[in-house]
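In: pasting the sequence and the predicted model now:
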Amino acid sequence: MMDSPCHKLKSQLLNEWNDHTQVVSYGDGCLVYLPWHHDDDDAVGLYIQALDDTRVRISDQGSTLSRLQGFDQFGQGGSFDHAWRQALGGLRTHAIGTDGAGPEIAVTCEFNDVAAMTSRVASACLRASQTDLSLRGPGPGPRFDTQITQALSRLVSHFRSVSLQRHPAVTLKTGRPRTVTARIDQRGTPRLWVQAVSGKKPDERESQVSKCFLTFSQGEFDTAGRLAVLAGTESSWPAGMADDLREVATNVLFSDETERIDKAVRTAVQEPLHS
């Protein structure tokens, strides 16, 4: 008997999801990137860690909230918090964050339920990221990645044959594209990929480091360099996070190190400045 169209469709969907689901060892657990995407085409990423032989914790590490304009209003008990809780849907009955409504979307479950709960957490992340929370109050200033691309644009304007590509896509080893903050090209050849890494809170920073680590470790960069620029000063970041990135990046610098960032760009393009 021939397979029904619905069976063939289900088989194709499962194959697609299987091919585009990434599981990468990270720290004491695994980073899982699912074939569902936010509006900037970044895949939904979750961190899954075994707590013991039977229980696991699934978390977005605060990455969903950090995407939202106005996220600094979180925790003030206003309409932003209400909209955030509503976006979590059925997960509100589970432990979300540390107090049932924290900035981290996270649940603890039995290992046998990890697949189903991963799907539910991912769905909650997408709902929350697409909720129009930006209208709940004034937004912050320019995003950190925008600040970095603006600074790089000013720098490359001093070179004759160098150009800046904003938010280019790099192809991961799985074949899936992933957006990076910027790329510096010389005569059409990629010379330096740059990823901005920021976050006001520890879980937000951990999420950003995890994203950068995956991109730099799994991306197909050929001979081009990889520069991670962390927001702020070196003393404001745990040493371990920067060390993790040094395993996969050509350079790890901090945004206050403007001269070293300039030098990294000049080294990558190996071209003198023009007047």
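Out: Cool, got the structure.
In: can you list the weak-confidence ranges in this structure?
Out: The model of the chain has pLDDT under 70 over residues 1-3, 40-41, 69-80, 90-102, 131-142, 271-275.
In: okay, now the domains of it?
Out: If you go by automatic domain parsing, the domain ranges for the chain are 5-136, 144-269.
In: centre of the chain versus the shortest one, how much separation?
Out: Domain 144-269 sits 13 Å away from the centroid of its parent chain (CA atoms, centre = their mean, to the nearest Å).
In: measure it end to end?
Out: End-to-end distance for domain 144-269: 24 Å, by CA to CA, to the nearest Å.
In: which of the residues in stretch 255-264 are classified as buried?
Out: Using 16 or more other CB atoms under 10 Å as the burial criterion, the residues of stretch 255-264 that qualify are 255, 257, 261, 264. Glycine gets a C-beta too; all of them are placed from N, C-alpha and C.
In: which members of those occur in helices, if any?
Out: Among the buried residues of stretch 255-264, the subset assigned to helices under DSSP state H consists of 261, 264.
In: farthest-separated two in the buried residues of stretch 255-264?
Out: 255 and 264 (12.6 Å; CB to CB).
In: tell me which stretches of the chain form helices.
Out: 5-19, 63-66, 79-87, 114-130, 144-156, 202-218, 239-246, 258-269.
In: nearest to residue 50, of the ones you listed?
Out: helix 114-130 (9.5 Å).
In: mind giving me the packing neighbours of that closest one?
Out: The contact analysis (3 or more CB pairs under 8 Å, 6 or more residues apart in numbering; DSSP states H and E) places helix 114-130 against strand 29-37, strand 43-50, strand 55-59, helix 63-66, helix 79-87, strand 106-110.
In: list just the one of the helices of the chain that sits closest to residue 172.
Out: Closest among the helices of the chain, using CB to CB: helix 202-218, at 4.5 Å.
In: residues contacting the spatially most central residue of the chain?
Out: By CA atoms, centre = their mean, the chain has its centre lying nearest to residue 211, at 4.0 Å. Listed by CB atoms under 8 Å, 6 or more residues apart in numbering, the contact partners of residue 211 are 42, 45, 63.
In: cool, residue 45 as well?
Out: Counting by CB under 8 Å, 6+ apart, residue 45 has contacts 31-34, 60, 63, 207, 210-211, 214.
In: and if you look at residue 255?
Out: Going by CB under 8 Å, 6+ apart, the list of residues near residue 255 reads 144, 147-148, 229-232, 261.
In: also residue 249?
Out: 212, 216, 226-228.
In: for residue 176, see how far away it is.
Out: Distance, residue 249 to residue 176, using CB to CB, to the nearest Å: 20 Å.
In: before we move on, what about residue 164?
Out: 24 Å.
In: the more surrounded of these two?
Out: residue 164 (21 against 18; other CB atoms under 10 Å).
In: pretty sure the more buried one contacts residue 154?
Out: No - the criterion here is CB atoms under 8 Å, and residue 164 misses it with residue 154 at 9.6 Å.
In: now, of the contacts of residue 255, which are buried?
Out: Buried among those by 16+ other CB under 10 Å: 144, 147-148, 229-231, 261.
In: identify, from the residues you listed, the entry nearest to residue 25.
Out: Within the buried ones among the contacts of residue 255, the smallest distance to residue 25 is 22.5 Å, found for residue 230 (CB to CB).
In: so the closest one makes contact with residue 251?
Out: No - Residue 230 is beyond contact range of residue 251, at 11.0 Å (criterion: CB under 8 Å).
In: spatially nearest residue to residue 108 (excluding sequence neighbours)?
Out: residue 57 (5.0 Å; CB to CB, 6 or more residues apart in numbering).
In: quick one: contacts for the one you found?
Out: 48-49, 51, 106-108.
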